[in-house]
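Colleague: Pasting the sequence and the predicted coordinates here, then a few questions.
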Amino acid sequence: MTSTTRTPQGERSRLMRQRLLEATVDSLVEVGWSGTSTTVVSHRAGVSRGAQLHHFPSKQALVIAAVEHLTELRRDEMAQSVANLPQEGRTRAVLEALAAQFVSPVFFAALELWVAARTDEDLREAVAPLERRIGRETHAYAVELLGIDDSRGRNRQLVQATLDLARGLGLAASLTDDTARRASILDTWADTLDTELER
């Protein structure tokens, strides 16, 4: 007599949500906001339409949850990638880690949301608080990685300029592969930060 191990309902539900969230981000990256629908996502995730609607009753709820979920994954991946940053050339290594976050699939998925939210008031009301929170967390993380006190001198402004620069480089990368140009800019900016930041 054989017995089968059944996955508990709560775990099945969690896994289904995760499949839906990952399929949503993949869809945003590949076909954009206009090509992403709840029907497309449920098909990509291998989940019934009814099950998808049970977890996420609207496209907006699904997309916001997906970007928030993968932002958390991105934060975890970033923490792992910077766990062993070198002391020599640390500023440049920190810039590389930060810039990588703005050429990731989750950034391009979020970019689709930003563009759609510009003309969709309901979506903007949902996206804006999420983006503000992510912005604060990323700023705090950059300060920690650089090992500075952002209340000293112009440190806060320099960190914000760093994040704005990385975001701009990410926007450029959404259209063309500009790896070499990005590396050159980050080299120059690392020198600037090493000179201007108050340690």
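Modeller: Great, that's in hand. Numbering: from 1, shown residues only.
Colleague: what helices or strands is the helix-or-strand element of the chain with minimal mean pLDDT leaning on?
Modeller: Ranking every helix and strand in the chain by mean pLDDT, DSSP states H and E puts helix 59-81 at the bottom, with a mean of 78. If you count contacts as 3 or more CB pairs under 8 Å, 6 or more residues apart in numbering; DSSP states H and E, helix 59-81 packs onto helix 9-35, helix 38-45, helix 90-100, helix 105-117, helix 121-146. (Glycine included, C-beta is placed from N, CA and C.)
Colleague: Residue 159 is nearest to which of the ones you listed?
Modeller: helix 121-146 (5.1 Å; CB to CB).
Colleague: Pull out the buried positions in that closest one.
Modeller: Residues 123, 126-127, 130-131, 134, 138-139, 141-143, 145-146 are the ones in helix 121-146 that count as buried (16 or more other CB atoms under 10 Å).
Colleague: Tabulate the helices and strands packed on helix 59-81 (a markdown table), appending distance to residue 166.
Modeller: Formatted as a markdown table, the helices and strands packed on helix 59-81 follow (distance: least, CB to CB, whole Å):
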| stretch | distance to residue 166 |
| --- | --- |
| helix 9-35 | 19 |
| helix 38-45 | 29 |
| helix 90-100 | 5 |
| helix 105-117 | 10 |
| helix 121-146 | 9 |
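Colleague: To residue 61, which of those helices lies closest?
Modeller: helix 121-146 (8.3 Å).
Colleague: mean confidence score for the closest one?
Modeller: Mean pLDDT, computed over helix 121-146, is 87.
Colleague: what is the orientation angle of that helix with helix 90-100?
Modeller: 160 degrees (axes from the mean of the first three to the mean of the last three CA atoms, to 10 degrees).
Colleague: shaky segments in this structure?
Modeller: 1-6, 81 (pLDDT under 70).
Colleague: quick one on the thing from earlier: for residue 52, which of the helices and strands packed on helix 59-81 is the nearest?
Modeller: It's helix 38-45; of the helices and strands packed on helix 59-81, that one is closest to residue 52 (CB to CB) at 3.9 Å.
Colleague: Please write out the alpha-carbon positions of that closest one in CSV.
Modeller: Backbone C-alpha positions of helix 38-45 (Å, rounded to 0.1, in the frame of the first residue of the first chain) are rendered in CSV as follows:
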residue,chain,number,x,y,z
THR,A,38,-5.2,38.7,-16.1
THR,A,39,-6.1,36.1,-18.7
VAL,A,40,-2.6,36.1,-20.2
VAL,A,41,-1.0,35.9,-16.7
SER,A,42,-3.2,33.0,-15.5
HIS,A,43,-2.4,31.1,-18.7
ARG,A,44,1.4,31.8,-18.3
ALA,A,45,1.2,30.7,-14.7
